[in-house]
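Participant: sequence-free structure coming up:
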């Protein structure tokens, strides 16, 4: 068995949010999944593998600080930010980095039944190890052919898919190894993020390309989040669209943008299909006192 294989016998479910291209909204998606599971009564651990950007870690730190500031209880996962390198000079350093990830997962397994891992926007040994550990892999993808290129190549004239790209090949290999050594099928979900609310030729062509790739590579393609300023505004206070978006929690009067974001996240959770969050998705109503 490869020394990069995940630990056998884990009862915890590992959700990896990954794309080797940055700026696709990974940390926002990871945070909303983690908070949804916490609100559903699950015990959740989170791991940030991007020790340089630390977006996921800062999101959680912001949430803890804001909860204290407004005197409100906000669900906080058991979080670990791994201090690991983006690249390794030697095989021993690489092995040590991968071992650190395995030990972090093992530690969280003692108290958590879900682990959500946010990954950096580049490939490497840790990315490969994280993918091998995934039970569910969520790949946010900006709705453009620039981002599409990490998954598949297209014909310049027809925009038809001509093959799988480097990241898709890495995922395919991880899924093959996991199936071979553990008889586990990694569920792969590609999530179209920053969707335009207007119909366009680009939107149609990207959708057609993803449907072709989905059949070729065996993933589910779902709609993610629209390009909404409100999701960026949540970050400094560590809030999510699933929180009690009252004036007391927000620090300002909620608007229809908050209500729309809440419904959009509910739809996303439903599409991902985690049964533990089904009730959260079904009961997500509008923000209170929205203007």
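Facilitator: Sure, I can see it. Note that the structure is predicted; figures quoted are calculated from it, not measured.
Participant: Every contact and neighbour count from this point should use C-alpha atoms.
Facilitator: Noted.
Participant: which residue ranges form the strands in the stretch 151-291 of the chain?
Facilitator: Using DSSP state E, counting those that start in this stretch, the strands of the stretch 151-291 of the chain run over 152-154, 161-164, 187-193, 220-223.
Participant: what's the burial count for residue 272?
Facilitator: Burial of residue 272 is recorded as 22 neighbouring residues (other Cα atoms under 10 Å).
Participant: Comparing the strands of the stretch 151-291 of the chain, which comes out most buried?
Facilitator: Among these, the stretch with the highest mean neighbour count (mean count of other Cα atoms under 10 Å) is strand 187-193, at a mean of 21.
Participant: pLDDT of it, averaged?
Facilitator: For strand 187-193, mean pLDDT rounds to 93.
Participant: can you list the residues that contact that strand?
Facilitator: 24-25, 135-143, 218-227, 272 (Cα atoms under 8 Å, 6 or more residues apart in numbering).
Participant: Buried ones from those, can you make that a ChimeraX selection?
Facilitator: Selection of buried members from the contacts of strand 187-193 for ChimeraX, criterion 16 or more other Cα atoms under 10 Å:
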select :24,25,135,136,137,138,139,140,141,142,143,219,220,221,222,223,224,225,226,272
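Participant: From the contacts of strand 187-193, which land in helices?
Facilitator: residue 272 (DSSP state H).
Participant: Okay, residue 108 and residue 271: tell me how far apart.
Facilitator: 27 Å (Cα to Cα, to the nearest Å).
Participant: Tell me which of those two has more neighbours.
Facilitator: residue 108 (21 against 18).
Participant: If you rank every helix and strand of this structure by mean pLDDT, what lands last?
Facilitator: Every helix and strand in the chain was compared by mean pLDDT, DSSP states H and E; the lowest is helix 278-283, with a mean of 71.
Participant: Assess the claim that residue 44 and residue 77 are in contact.
Facilitator: Yes - between residue 44 and residue 77 a contact is recorded at 5.4 Å, counting by Cα atoms under 8 Å.
Participant: which residues do the two both contact?
Facilitator: Taking Cα under 8 Å, 6+ apart as the contact rule, residue 44 and residue 77 both touch 34, 38.
Participant: Looking at these two, which one has more neighbours?
Facilitator: More crowded of residue 44 and residue 77, by other Cα under 10 Å: residue 44, with 27 against 22.
Participant: Return the set of residues that bridge with the more buried one.
Facilitator: With DSSP bridges as the criterion, residue 44 is bridged to residue 114.
Participant: Quick one, grab the pLDDT at residue 62.
Facilitator: Here the pLDDT value assigned to residue 62 is 98.
Participant: Let me see the contact set for it.
Facilitator: For residue 62, the contacting residues are 235-238, by Cα under 8 Å, 6+ apart.
Participant: does it count as helix, strand or coil?
Facilitator: Secondary structure for residue 62, judged by DSSP: H, G, I helix; E, B strand; the rest coil, is helix.
Participant: For residue 68, see how far away it is.
Facilitator: Distance from residue 62 to residue 68, by Cα to Cα: 10 Å.
Participant: same check, this time on residue 158
Facilitator: For residue 158, the distance to residue 68 - Cα to Cα - is 55 Å.
Participant: okay, these two: which has more neighbours?
Facilitator: residue 68 (12 against 8).
Participant: what's the helix or strand for the more buried one?
Facilitator: helix 55-70 (DSSP states H and E).
Participant: Can you list the buried residues in that helix?
Facilitator: Buried, per 16+ other Cα under 10 Å, within helix 55-70: 55-64, 66-67.
Participant: Make TSV from these and add distance to residue 40 to it.
Facilitator: What follows is the buried residues of helix 55-70, written out as TSV (distance: Cα to Cα, whole Å):
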residue	distance to residue 40
55	24
56	20
57	22
58	23
59	20
60	18
61	21
62	22
63	18
64	19
66	22
67	19
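Participant: Quote the end-to-end distance of stretch 61-77.
Facilitator: Start-to-end, stretch 61-77 (Cα to Cα) is 11 Å.
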